[in-house]
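Asker: how does the following fold in three dimensions:
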Amino acid sequence: MKTEMEKWETEEGVNYLRKIGIRTGDVVLDFGARIGHYSIPAAIIVGNNGLVYAIDKEQASLNKLEKKAKALDLRNIKIIKNSGGVNLNLQNESIDTVLLYDMLHSLNQGERKIFYSEVYRVLKPYGLLSVYPKHVIEDFPLGEFQNLHFDDVKQEIEDSSFLFNEKLCGKLSHDDELNSGCVLNFKKHLKT
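Answerer: Numbers count the residues shown, from 1 in each chain. Below is the predicted model:
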């Protein structure tokens, strides 16, 4: 019998990520992937013609993700260990969707500005940036977001050449548990 999280990863999470806009054949970047609570459902959606880059700085977490992917016979997840920095070693305009879920609060404002620039660079024209700004004032304040509201994070991302598209709320993964939360979706705005 599946655990609640396994069910979320293979069913509910799949439906949620479809709702945000991930499609069959897409190339997805899950930055701060940890053990794959979002990488797994994204890989199920994109299928064999798609690809999920799962990036994290913790090797032990990535090992768990790799083990889960093998158990589910998911061969479309490329696991990448990084140093914790904000530079993305990916080609320009190569990604359809970037997931920044529950990780931005660990970056200071200057790092976030550089990171948004990197995300902009790797996203395809009109690509999707989906952000779960956990730990803002409205949602268990912590770290660099403890004095920021959802709207502050939204404005910060809009100021980095992204157009706000929608806010979607539902059941999300946070620290190996499920909770209610909201994501902010943006489209890459082409600079003129």
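
Asker: residue with max distance from the center of this structure?
Answerer: Here the chain reaches farthest from its C-alpha mean at M1, the gap being 27.6 Å by Cα atoms, centre = their mean.

Asker: mind checking pLDDT for that residue?
Answerer: Residue-level confidence at M1 comes out at 85, pLDDT.

Asker: same deal with the one 5 residues further on?
Answerer: The predicted local confidence for E6 comes out at a pLDDT of 96.

Asker: surely it is in a helix?
Answerer: Yes: secondary structure of E6, determined by DSSP: H, G, I helix; E, B strand; the rest coil: located in a helix.

Asker: got the end-to-end distance for stretch 4-19?
Answerer: Start-to-end span of stretch 4-19 (Cα to Cα, to the nearest Å) is 20 Å.

Asker: hmm, who's touching it?
Answerer: Under the criterion Cβ atoms under 8 Å, 6 or more residues apart in numbering, residues 2, 36-38, 40-42, 44-45, 68, 72, 168, 170-173, 176-178 lie in contact with stretch 4-19. C-betas here are computed from N, CA, C, even on glycine.

Asker: distance between it and the chain's centre?
Answerer: Averaging C-alpha coordinates over stretch 4-19 and over its chain gives two centres that are 14 Å apart (Cα atoms, centre = their mean, to the nearest Å).

Asker: contacts only, for the spatially most central residue of the chain.
Answerer: Compute the mean C-alpha point of the chain, and by Cα atoms, centre = their mean the closest residue is L99, 1.9 Å away. Residues in contact with L99 (Cβ under 8 Å, 6+ apart) are 28-31, 38, 42, 130, 132.

Asker: please consider this matter closed, and thank you.
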